[in-house]
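1. coords please:
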Amino acid sequence: MQNRCFIVKLTVMSVLPSSYPKSIRIIGDVHGDIHAFRHAINTNHFIIQLGDLVDYGPDSGNVMALMIKIQEEKRGLFLIGNHDRKLGLFLKGYRVRRDSALNTTIDQIKSHPDKELPNKILQALEQAPAWLILNKLIFVHGGFHTRMLTEPSPKPLTPITSLLSRALYGETTNKMYHDGYPVRKLNWINHIPAGYTLYCGHDCRSTDGRPWVRKGYGGGVAVFMDTGASKGGHLSWVDISL
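-> Numbering: from 1, shown residues only. I've put the predicted structure just below:
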């Protein structure tokens, strides 16, 4: 495969290596699964984590601390997920709906030995991109819109827009499942251009450790990397040579 260069839609150069990486490891939703995350980041590949580092699992505090360390070492970056954004808004002082998952995450962060960790997390979340384009590779947490190919990623803790909502939550209907989760539509897959491959998390379509892959009518491909870490499934990652 030909060498590719990063097309960066916002200022993330500070977390990129001095020379463009020859390979990347794409990691799905972690949700506080520190044990699996330690295995996932044990690599020489440049890491792109797709968001939702926190909530549900046993140690969201250490997951965030480890991800921040990876960024400081210029070994990787993470995208903002909807759970990460909610935590960021809370740390910034906004009123958010606190559920058991967020309350547990807050307790885990407060109990971390690094008492500066909340401030470090907030700074990292404020700088996290909502989407990232690497030539014909698209990285986003929730779902795609064609405007992501031409517009810069917004600051994630600012008021939400329709485009940021698509990046965080994908596309939903006005219906809910019995478990309280919204019914999600996948029409956006059909708008991925031919030749592009999109990697996303958020929508757990597989729990057997194998990402769920779908090709759209437009010729593009979506790879769903949330395979249920801390929710009865596994943490998944994919390695790509550039």
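2. Output the below-cut-off pLDDT ranges for this protein.
-> Applying pLDDT under 70 to the chain picks out residues 1-20, 176-181.
3. can you give me the helices in it?
-> For the chain, the helices defined by DSSP state H cover 34-40, 60-72, 82-91, 100-110, 117-127, 162-169.
4. Take these and lay them out in JSON lines including mean neighbour count.
-> Bear in mind the C-beta positions are built from the backbone N, C-alpha and C, glycine included. Output for the helices of the chain, formatted as JSON lines (neighbours: other CB atoms under 10 Å):
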{"stretch": "helix 34-40", "mean neighbour count": "17"}
{"stretch": "helix 60-72", "mean neighbour count": "21"}
{"stretch": "helix 82-91", "mean neighbour count": "22"}
{"stretch": "helix 100-110", "mean neighbour count": "17"}
{"stretch": "helix 117-127", "mean neighbour count": "18"}
{"stretch": "helix 162-169", "mean neighbour count": "20"}
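5. wait, which of these is closest to G195?
-> helix 162-169 (21.1 Å; CB to CB).
6. Tell me which of the helices of the chain approaches E151 most closely.
-> helix 162-169 (6.9 Å).
7. who's in contact with that closest one?
-> Residues from elsewhere that reach helix 162-169, judged by CB atoms under 8 Å, 6 or more residues apart in numbering: 80-82, 85, 130-131, 140-145, 147-148, 151, 153-154, 156, 160, 188, 202.
8. How about stretch 205-217?
-> Residues outside stretch 205-217 that contact it (CB under 8 Å, 6+ apart) are 28, 186, 189-192, 221-228, 231-234, 236, 238.
9. just how off-centre is stretch 71-82 within its chain?
-> Stretch 71-82 sits 9 Å away from the centroid of its parent chain (CA atoms, centre = their mean, to the nearest Å).
10. ends of that stretch, how far apart?
-> 20 Å (CA to CA, to the nearest Å).
11. Could you do stretch 164-184 as well?
-> By CA to CA, the extent of stretch 164-184 from end to end equals 16 Å.
12. Off-centre distance for that stretch?
-> With CA atoms, centre = their mean as the basis, stretch 164-184 stands 17 Å off its chain's centre.
13. Ok, stretch 55-69 next?
-> Remark: stretch 55-69 is offset 13 Å from the chain centroid, using CA atoms, centre = their mean.
14. Likewise for stretch 90-102?
-> So, by CA atoms, centre = their mean, the centroid of stretch 90-102 is 19 Å from its chain's centroid.
15. quick one: contacts of it?
-> Contacts of stretch 90-102 (CB under 8 Å, 6+ apart): 55-56, 83, 86-87, 89, 106, 118, 121-122, 125-126, 157.
16. ok, so of those residues, who is nearest I48?
-> Closest to I48 out of those is L125 (16.3 Å), distances taken as CB to CB.
17. right, and the closest one touches K86 too?
-> No. Counting by CB atoms under 8 Å, L125 sits too far from K86 to count as a contact (10.0 Å).
18. so who does K231 touch?
-> Applying CB under 8 Å, 6+ apart, the residues near K231 are 31, 56, 204, 207.
19. Most neighbours of all those, which one?
-> In terms of neighbours by other CB atoms under 10 Å, the contacts of K231 top out with H31 at 29 neighbours.
20. Would you check that that one makes contact with D84?
-> No. If you go by CB under 8 Å, H31 and D84 don't touch, sitting 10.4 Å apart.
21. quick one: common contacting residues for the two?
-> Shared contacts of H31 and D84, counting by CB under 8 Å, 6+ apart, come down to 52-54.
22. Nearest to P21 among those?
-> L53 (20.5 Å).
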